[in-house]
Structures are given as C-alpha cells and as structure tokens.
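*Asks:* only geometry, no sequence info:
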C-alpha cells in the first residue's frame with residue numbers, strides 16, 4: 001500500500017496548548033506509519049506551505065515530540081496571513097497544490113481559529129477543482145473561545161485560568177494597600193468582539209466583595225455614568241475596586257475605545273490599550289489612585305498554570321484530526337461536545353469547515369449580569385469546568401523545562417519560488 005505524507009501548520013495567535021494539538025497529530029500519525037509516511041510542518045503557518053519552507057518532524061525524537069504537550073507557543077512558527085478568494089488569488093492555491101504534489105502530501109492539518117478554518121476550507125475546495133486529492137482537516141484553536149459548534153475552543157481554558165488566578169491575586173494585593181495607596185486596579189485582557197476571557201475573570205469572585213468587582217465586556221457598550229457610579233459605590237463599600245476589561249470594549253456608538261486606526265494582516269483593527277483609557281477616566285472623574293496591567297502575551301503563553309482540561313482537549317482534537325483523515329473524512333473540524341448532566345464530561349464530534357469558517361460566537365446576554373458588570377450563574381456553570389485541573393510542566397533549576405525542536409528543513413524540490421504581493 002502506497003503511503004502519503006501529511007502537512008501540519010499552525011496559524012494565528014498561539015496559545016499555551018496549541019503544541020499539545022501538534023503532539024496529538026504527530027504521535028497519532030506515527031502510530032499509523034503503515035498509512036502515513038512523514039509528517040511535515042510548514043514553517044510559520046501557511047506562509048511556509050506557499051514558500052516550500054517545510055520542516056521534517058520525523059527527525060525529532062519521540063521524547064521531544066512528547067514534550068510538545070507541555071510546551072507553549074508555536075513550535076513550528078505561526079503567522080497571520082489569510083488567503084484571499086480563490087477567484088482573485090488563484091495563484092496562491094495553485095502554488096499550494098504544487099507544493100503538496102512535489103512532496104507527496106495528501107493530508108493537510110491546519111491548526112487555528114476562524115480565519116484559519118476558512119483557509120482550510122478553501123484548500124479543500126481548490127484540491128477538488130484542480131484534481132489533486134488532498135484530505136483537509138481543520139484543528140480548532142483560539143484563546144477567544146469564539147469558534148462555532150465546539151463547546152469551547154482549545155487554548156481558552158488555560159487563558160481563562162490565568163486571568164481568574166491573576167485578578168484574584170492582584171485583587172488581594174490592592175485590598176491590602178487600599179487605605180493609603182491604590183484604590184482601583186484594572187486588568188486588560190484579550191477579546192476583540194467576544195468577552196469570554198473577561199468573563200473568566202469573574203470566576204475569581206466566589207463570594208461578596210471578591211475581585212473582580214466590575215467586568216467590562218465588548219458586548220456591552222460602556223455607559224460611563226453607570227460605570228462611575230459602580231466604581232464609587234464599590235470603593236466606598238470595600239475601600240478598593242478591581243476591574244477586568246476586554247480590549248474590545250466599545251462606546252455607545254460602537255467604536256472601539258482603544259482603536260489605533262491600524263489593521264493587521266487579517267484586516268482586524270489594531271487596538272491600543274483600553275486599561276489606561278479607563279484608568280484616566282476614573283482619575284479625572286473620581287480622583288482615585290490607580291494601577292493597571294496589560295495581560296497581553298502573558299495570558300496566552302502561561303503554560304505553567306495551564307488548565308488540565310484544556311491540555312487534554314487540545315491533544316484530543318489533534319489526535320482526532322488524524323483519525324478522521326484516515327477514516328476518509330474531509331473538510332471537517334473536530335469539535336468538543338459537552339455531554340448532558342451535572343458532572344462535566346466531553347467527547348469529540350465534528351463540524352463541516354464550510355459552516356465553521358468566519359463565524360464568530362459572542363457571549364450570550366444571559367451569561368452577563370443584568371447590570372452588565374458581571375457574570376451570571378449560568379455563565380459560571382459553563383466556564384468553571386474549563387479551568388479545572390493542573391498539568392504542570394517539568395521544572396529545571398526553578399524554571400519550566402520546555403522543548404525546542406531542531407526543526408530541520410525538508411529539501412526543496414520546486415525550481416520556482418513564491419513571492420508575496
């Protein structure tokens with residue numbers, strides 16, 4: 001039986017557990033070496049595929065591949081590059097098929113968010129059109145937790161855990177100094193249009209007076225009058241106020257409060273820093289001394305405090321992607337299915353890429369408290385299982401011992417090179 005090679009690539013913003021998905025893909029493929037030859041990785045996502053910049057993962061030891069499960073970031077490099085329409089950018093797709101054919105690649109696994117699933121779907125379409133058989137499976141990943149069909153997105157649970165832990169610890173710090181120092185602390189978290197990460201901070205508030213006292217969601221336009229009143233009441237009652245704010249917070253006109261006027265490679269508006277804006281508003285109106293922090297890359301890189309549930313789910317979708325491909329499925333994405341019942345249990349299902357691509361799931365209104373500044377019990381029941389369990393990496397001399405792969409290149413076979421416009 002002829003064996004074909006596979007290509008795996010990582011896309012978009014990385015997470016603390018995306019490499020666990022890579023581990024699931026590579027380890028599972030190695031177990032099916034009678035059907036899959038080599039697993040190549042595209043260096044820096046789809047860009048590596050277009051430029052024929054491939055990595056031979058077969059040259060990595062089993063031990064190092066296993067270590068990917070507890071190593072953060074993107075082991076093979078990621079990118080923000082969205083393929084355009086097939087009609088207008090046909091040369092890009094033809095180039096991909098040319099690279100696949102040159103390296104005997106018949107399986108393509110693309111690990112990313114909504115835009116990446118759109119790319120995976122388009123690749124599956126062009127392969128049919130050009131008559132080259134390629135099995136294309138999307139692998140879900142995004143800290144934003146905004147992919148459809150799946151109960152949650154791998155990468156989110158660990159960010160949620162980091163944010164909840166951080167606001168609890170920082171809140172205790174502020175409370176201890178509030179009499180003579182800082183009255184207000186603001187933690188800015190990721191979340192352009194969906195407030196899932198900000199909502200996760202609410203898990204830290206288990207009883208009256210716990211931080212965070214206020215959460216500002218992208219789904220709820222900022223009402224400054226109500227916000228100032230809430231801050232003032234909180235400081236009077238608890239002597240301090242801790243706030244979690246999503247980067248995508250908007251004003252009543254629908255404009256981002258922190259918009260810089262720039263866009264990234266996906267066409268998304270670049271956001272500045274909403275925390276200092278909110279801090280200045282509070283200072284100017286109420287006069288309170290403040291501190292603010294920007295979680296930024298820290299929240300998505302914190303593998304040392306990752307959710308065990310998240311790690312297991314990230315590995316499972318990688319493993320399932322290979323199994324689905326070998327079973328003859330194509331143009332699908334493995335998803336996490338939450339089973340019914342009081343005890344949290346989950347299984348793996350699937351969703352068609354054509355329905356996943358470019359769909360963004362926001363926080364439902366019933367997950368946000370009536371006043372717009374907190375989470376409901378229903379939201380807490382949804383979020384709580386996703387941060388459960390610890391899965392610490394090994395430590396060496398007090399620091400996490402993460403793996404760095406050799407990432408040796410595959411010899412190029414094409415005489416032509418691909419130039420980006």
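*Replies:* Structure received. All values reported here derive from a predicted model rather than from experimental measurement.

*Asks:* how about residue 216, what does it touch?
*Replies:* Contacts for residue 216 were tallied using CB atoms under 8 Å, 6 or more residues apart in numbering; they are 198, 222, 227, 243-246, 249, 278, 373. Every C-beta, even on glycine, is put in place using the N, C-alpha and C of the backbone.

*Asks:* pretty sure residue 407 is touching residue 43, no?
*Replies:* Yes - proximity of residue 407 to residue 43 meets the contact threshold set by CB atoms under 8 Å, at 7.1 Å.

*Asks:* Between the two, which contacts overlap?
*Replies:* With CB under 8 Å, 6+ apart as the test, residue 407 and residue 43 both reach 55, 76.

*Asks:* more crowded one of those two?
*Replies:* residue 43 (22 against 15; other CB atoms under 10 Å).

*Asks:* need the contact list for the more buried one.
*Replies:* Residue 43 neighbours (CB under 8 Å, 6+ apart): 53-55, 76-77, 407, 409.

*Asks:* now the nearest residue to residue 4 once chain neighbours are set aside: how far from residue 25?
*Replies:* Leaving aside its sequence neighbours, residue 4 sits nearest to residue 106 (CB to CB, 6 or more residues apart in numbering; 3.6 Å). Per CB to CB, to the nearest Å, residue 106 is found 15 Å from residue 25.

*Asks:* Residue 249 now?
*Replies:* 36 Å.

*Asks:* Can you report phi and psi for the residue of the chain most remote from its centre?
*Replies:* Farthest-out residue of the chain from its mean C-alpha position, per CA atoms, centre = their mean: residue 180, at 39.1 Å. Residue 180 adopts backbone torsions of phi -120, psi 0, taken as degrees, to the nearest 10.

*Asks:* before we move on, back to that, counting neighbours, go ahead and name the busier of residue 249 and residue 25.
*Replies:* residue 25 (30 against 25).

*Asks:* and the more buried one, what helix or strand is that in?
*Replies:* Element membership for residue 25, per DSSP states H and E: helix 18-31.

*Asks:* ok, and what's touching the next helix or strand after that helix?
*Replies:* Next helix or strand after helix 18-31 toward the C-terminus (DSSP H and E): strand 36-42. With contacts defined as CB under 8 Å, 6+ apart, strand 36-42 is touched by 3-9, 22, 25-26, 29-30, 48-49, 53-58, 75-76, 103-105, 107, 322, 326, 407, 410.

*Asks:* Filter the residues you listed down to the buried ones.
*Replies:* 4-9, 22, 25-26, 29-30, 48-49, 53-58, 75-76, 103, 105, 107, 322, 410 (16 or more other CB atoms under 10 Å).

*Asks:* Just name the shakiest helix or strand of this structure by mean pLDDT.
*Replies:* Lowest mean confidence among the helices and strands of the chain (mean pLDDT, DSSP states H and E): strand 259-263, at a mean of 49.

*Asks:* so how far is the first residue of stretch 5-16 from its last?
*Replies:* Chord length of stretch 5-16, first to last residue, is 27 Å (CA to CA, to the nearest Å).

*Asks:* roughly how far is it from the heart of the chain?
*Replies:* Distance, stretch centre to chain centre, for stretch 5-16: 11 Å (CA atoms, centre = their mean, to the nearest Å).
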